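Trainee: Any chance you can model this:
(4 chains)
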Number of protein chains: 4
Amino acid sequence: MNDTRMGQVVLERFSSDVLRGNAPGDPHVRTVAIYLPPSHAAEPARRFPVCYVLSGFTGRGTMLLNDGPWSPPLDRRMDALIAGGAGEMILVMPDCFTRYGGSQYLDSTATGRYEQHLIAELVPWVDERYRTRAAREHRGIAGKSSGGYGALIQAMRHPGVFGAVASHSGDVYFDYCYRADVPKLCSALQTAGGLKPWLEKFEAALQKKHDDFTVLNMVGMAACYSPNPATPPFGIDLPCDLETGAFREDVWRRWLEWDPLNVLASKADALRSMELVYLDCGTKDEWHLHHGARLFVRRLRELGIAHEHQEFDDGHMNVAYRYDVSLPKLAAALGA
Amino acid sequence: MNDTRMGQVVLERFSSDVLRGNAPGDPHVRTVAIYLPPSHAAEPARRFPVCYVLSGFTGRGTMLLNDGPWSPPLDRRMDALIAGGAGEMILVMPDCFTRYGGSQYLDSTATGRYEQHLIAELVPWVDERYRTRAAREHRGIAGKSSGGYGALIQAMRHPGVFGAVASHSGDVYFDYCYRADVPKLCSALQTAGGLKPWLEKFEAALQKKHDDFTVLNMVGMAACYSPNPATPPFGIDLPCDLETGAFREDVWRRWLEWDPLNVLASKADALRSMELVYLDCGTKDEWHLHHGARLFVRRLRELGIAHEHQEFDDGHMNVAYRYDVSLPKLAAALGA
Amino acid sequence: MNDTRMGQVVLERFSSDVLRGNAPGDPHVRTVAIYLPPSHAAEPARRFPVCYVLSGFTGRGTMLLNDGPWSPPLDRRMDALIAGGAGEMILVMPDCFTRYGGSQYLDSTATGRYEQHLIAELVPWVDERYRTRAAREHRGIAGKSSGGYGALIQAMRHPGVFGAVASHSGDVYFDYCYRADVPKLCSALQTAGGLKPWLEKFEAALQKKHDDFTVLNMVGMAACYSPNPATPPFGIDLPCDLETGAFREDVWRRWLEWDPLNVLASKADALRSMELVYLDCGTKDEWHLHHGARLFVRRLRELGIAHEHQEFDDGHMNVAYRYDVSLPKLAAALGA
Amino acid sequence: MNDTRMGQVVLERFSSDVLRGNAPGDPHVRTVAIYLPPSHAAEPARRFPVCYVLSGFTGRGTMLLNDGPWSPPLDRRMDALIAGGAGEMILVMPDCFTRYGGSQYLDSTATGRYEQHLIAELVPWVDERYRTRAAREHRGIAGKSSGGYGALIQAMRHPGVFGAVASHSGDVYFDYCYRADVPKLCSALQTAGGLKPWLEKFEAALQKKHDDFTVLNMVGMAACYSPNPATPPFGIDLPCDLETGAFREDVWRRWLEWDPLNVLASKADALRSMELVYLDCGTKDEWHLHHGARLFVRRLRELGIAHEHQEFDDGHMNVAYRYDVSLPKLAAALGA
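Mentor: Numbers count the residues shown, from 1 in each chain, chains lettered A, B, ... in the order given. So this is what the prediction gives:
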């Protein structure tokens, strides 16, 4: 450990124009965490590839830097990987947290324009302020869970911006990963008397419960996938009818449009253009995302898109150690 | 308690013709438990209404007679209800258990002809051997969980046989109660290497695990709702593709045909002819069956079908105490 | 299965003199279940060894006859063992259930004189009414959990009555199996406002919860091990002070006097006189009883007492299949 | 939020002399996190009270700064409290983590001299480098769980150093909080083949399991309370005999010497000298620490020691929000 050269973390306050006035009233000034690799200070003229690392649901960039007893913060993890031979790159950890727990890194009238924030604001701003190699060939995107979803979706939607992607346990195959929780969402909101009282009670609770997160996750996904400005007060269409309790096929179809499995059809060329398409998932994923990854990879294969797919013997939570696999690959793919 | 007059339980061995040679190799000779109310012995000429009580998944009639520290066997429960003023009736507790945990009281090439067994064999046999009032007006059907499903379905399909029905926490709205477990089924069978090795391992295990029952339940439902003699070795189409992991919409549609919500459309008159249509469900049902009950009741209302719907503050398991509510109502409806 | 000769179960109502007027007001008339092996009817002059089978906490004899989907009732289990070559013996399943969930088969002013009921009432009554070989050499005792405790304790205390013993997952080493639950007992009773309101609430609850059983178990053990007629209203000294919350060493010492590990010191000769001393326990026993069994067996070894000790890879619950191991050994030891 | 003046966090690398060469080989250079309140920068001559905040088991100071979706890092929490009127003080967050998960902030041959590190190294070093009011009247100590234990113990042992103490859910009454886990410790280590293989397997596991932490906690407590240089290879006496499985009373007595309930007898004057003795605990504490707090407070009352005791409706985990109660009280007590 003593010989490990340490990179530097910078916490920048970024005032976003596109997030200003967002519907839930979340702050438009965000803390963006930026990791600069060890040589960044030592070699003042050198430029580095950059990788955007997207946190999962209920997370924001700074949480990737949280210390753990047996799991290092992402900066220490990257230091160790570089010490072990990985190429040096800058890591950018944006804050796309919302009142509903996250944004899926999409634009939504119910949450805010987080895709715009990421692509149109953060990327150029980072390229301007830091010594990046400012081209898609040297810019990657990665993430876990909702961050893995975001990475995959943004790579598909913005091949001009990103040239490599790694998705850990990303949200894929909504039929398996979300649909089972619709009746739980329905029961919880009905019991609370609606989304508003539920949300207020959730926010007031000092101790959030496990079941609360199941509900919040579904509320959050609805806010991202099926916003509807005409539905007061939150502008969110839910995938169930709180009056009758029934599943809403019409809303669900809107969700499915955002399933990477369906998005892929029109975005195959984007992924084909990537230097690296990496996916992995634990085979005990509690949201069954290993099935989603397999189905996605199966279609990649059918489409003749080069990719790497790994599985590991674990569940969904606490698998930051998978970055030890993806980050060196990304660094190599991005020319680090 | 001392003054409670006690009924009598007879355990009969019934050799079924329709179950002989069933696909899974389950016995065609079954133990049928029959409760005769206190006055049956005292008044040798008197005839009684009869109610068929269907056990839930993994159950058979004799298990309704299991003793519990704070939950009496069904015969003692009925004794107490009669002592409290309920009308006297005969209870018939059939055994429709199968290798797959149950039969849903339906005919299936994969399990056996349990509907035939119940309707065409047991009913006339009981009427012949016991002093029943052998008419639909005096014959009811009840059950809990899969037994509640069976009661509701059989009442809809055989209004000429049954004149009153009570369904406790019955399987209704398959979208909510089964679909969430498809990915679990898929993962478990894939891990085991297929249905055959999974089933053999399950059967060999001295201690069955909680997750095993989730899988068995889905296997059982597939055996009942989507049998397919052309699918070796079990003749069961599963709602997922074990090769790709994907959900099978075609199989699922076959399941949905058996959802009471969908069956109701063509069987409204049957329920309309009942003296009693009683449904209840706990509002914390782990399979979300309270939503199913509500949606079913909503349609009954739309169809102008008289019914009684109760909810109670509990989950799905260990709610035999709900028979304390339904059995007196059934007895009254059946003229006891 | 078809060829298995079936024994017969007789349910007798026994009016106990020693249980009459017991403190908790439990019934003194009990249902005793008696299994008569297949040859009992066929050979009217033949006499059989007899084994008393003691149920666990919250159980009574009739529950040993409960049917289960993959676990047969004890009578069917014994039939199968006999069909497989085991000697034929009579099984007696007493009811020593109490308001507090059990009696540990001991005399206690707080529960009743269950040891007397078993030894002084049931044994002679059974010998009188059934064709037993009425001598200690042909009379055994077995049980699981609290029943395994009862079997071991009664064998030690009554070597003139029993000549062989089998204890499955019996309560041994109270330091490990009970002590951990003292703070849970204390918190629950304090929260309820004392033992009386806790008990009344427990009894009124339609659905008993998992934590309730932890508390009841401790109340029950206190009723058995540390009764105190001077403590109103239940005559039970608890192992914690409900006022301060502190552990009560004085009460605990009274419990320890009933720990088989401590009883053994003065009862070694009793066990030495047994034809069979059999103990087993699962190595994942949730109450850590495998440690108790090991320590007990270690002392047996030090004392030069012949015994058989088995371990199996399972927990504490649903291990009735272990009777498949012990009952044939008992039958052989008892000369069947 | 916008108007909240923000303090500053400094992460210092501290090279400890007393930790050098510690037995488990843990680093002697540690990161100490120091929070400087908003006025520290604005008023360069002003001195501030200082409070040492001790993290719980498996924690270190930097983890108190971990960001959470609905629970702010300690620095942001303190900023908000100051904005709400609390006095400004410096917070020092030491790193006393060890291979065994923690140190209880004690000296131990098995872990290291963490009490010396805290008292003899950190306190003077902080006073030298930062503008503290360097007197016991202005120096407090606080913590949660094992940190609450450390705060209470260090306040009792070093009244010349600390003048106020707050203990949240601190380890008190070892009979209730630790003893129940001895059999679990024993089973786990026996299964693994001893402490060494258990520890190596634990450390190698990418995903730590819930049960692992129970075991590690007990190993850690043994390392702190019953070290024994004569016990190879770790110098730790365990509270159970891995050979027989039995509880070790001799080792347990050594643990009890460190129970605050027992320490208090000789340290009453120390606590009597404090400006603030604050304890709180959730009434659903999973380690039953509310009982410990109540018993401790009862003795404080008997000894006539002023104190404040609160209870709250929650368990043991994720209760950092309790610092919102204690930190303003500490600031006031320390003259901020």
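Trainee: Show me where chain A dips below the pLDDT cut-off.
Mentor: A:1-3 (pLDDT under 70).
Trainee: So which residues on it come close to chain D?
Mentor: A:1, A:27, A:58-60, A:62-63, A:65-70, A:97, A:101, A:203, A:206-208, A:314-315, A:318-319, A:321 (CB under 8 Å from any CB of the partner chain). From N, CA and C alone the C-beta is placed, and that goes for glycine too.
Trainee: Going along the chain, name the helices of the stretch 201-336 of chain A.
Mentor: For the stretch 201-336 of chain A, the helices defined by DSSP state H, counting those that start in this stretch occupy A:210-225, A:249-256, A:260-272, A:289-302, A:323-333.
Trainee: Packing partners of the first one?
Mentor: For helix A:210-225, the elements it packs on are strand A:107-108, helix A:182-192, helix A:195-204, helix A:249-256, judged by 3 or more CB pairs under 8 Å, 6 or more residues apart in numbering or on different chains; DSSP states H and E.
Trainee: which parts of the third one are buried?
Mentor: Within helix A:195-204, the residues that count as buried by 16 or more other CB atoms under 10 Å in any protein chain shown are A:195, A:198-199, A:202.
Trainee: Using JSON lines, lay out those together with distance to chain C.
Mentor: Formatted as JSON lines, the buried residues of helix A:195-204 follow (distance: CB to the nearest CB, whole Å):
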{"residue": "A:195", "distance to chain C": "30"}
{"residue": "A:198", "distance to chain C": "25"}
{"residue": "A:199", "distance to chain C": "29"}
{"residue": "A:202", "distance to chain C": "25"}
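Trainee: And the furthest pair within those residues?
Mentor: Greatest spatial distance among those (CB to CB): A:195 and A:202, at 10.1 Å.
Trainee: Quick test: name the residue nearest the centre of chain A.
Mentor: Compute the mean C-alpha point of chain A, and by CA atoms, centre = their mean the closest residue is residue A:147, 1.6 Å away.
Trainee: From what I see, that residue and residue A:53 are in contact.
Mentor: Yes - counting by CB atoms under 8 Å, residue A:147 touches residue A:53, with 7.2 Å between them.
Trainee: Out of the buried residues of helix A:195-204, which comes closest to chain B?
Mentor: Closest approach to chain B among these (CB to the nearest CB): residue A:198, at 16.0 Å.
Trainee: Check whether that closest one really touches residue A:192, as I assumed.
Mentor: Yes - assessed by CB under 8 Å, residue A:198 is found in contact with residue A:192 at 3.7 Å.
Trainee: Report how many residues lie close to residue A:334.
Mentor: 25 (other CB atoms under 10 Å in any protein chain shown).
Trainee: Pipe the helices of the stretch 201-336 of chain A into CSV and attach mean neighbour count per row.
Mentor: Compiled in CSV, these are given as follows (neighbours: other CB atoms under 10 Å in any protein chain shown):
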stretch, mean neighbour count
helix A:210-225, 21
helix A:249-256, 15
helix A:260-272, 17
helix A:289-302, 21
helix A:323-333, 21
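Trainee: Please produce CSV containing the ones you listed, extended by distance to residue C:272.
Mentor: Listed next are those as CSV, based on distance: least, CB to CB, whole Å:
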stretch, distance to residue C:272
helix A:210-225, 54
helix A:249-256, 73
helix A:260-272, 72
helix A:289-302, 59
helix A:323-333, 62
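Trainee: Among the helices and strands packed on helix A:210-225, single out whichever gets nearest to residue D:6.
Mentor: helix A:195-204 (23.1 Å).
Trainee: could I have the closest one exported to PDB, CA atoms only?
Mentor: Extracted in PDB, the C-alpha atoms of helix A:195-204 (Å, rounded to 0.1, in the frame of the first residue of the first chain):
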ATOM      1  CA  LEU A 195     -48.300   9.100  -3.500                       C
ATOM      2  CA  LYS A 196     -48.200  12.400  -1.800                       C
ATOM      3  CA  PRO A 197     -48.800  11.200   1.700                       C
ATOM      4  CA  TRP A 198     -46.600   8.200   1.100                       C
ATOM      5  CA  LEU A 199     -43.700  10.500  -0.100                       C
ATOM      6  CA  GLU A 200     -44.100  12.900   2.800                       C
ATOM      7  CA  LYS A 201     -44.100  10.100   5.300                       C
ATOM      8  CA  PHE A 202     -41.100   8.500   3.700                       C
ATOM      9  CA  GLU A 203     -39.200  11.800   3.700                       C
ATOM     10  CA  ALA A 204     -40.200  12.500   7.300                       C
END
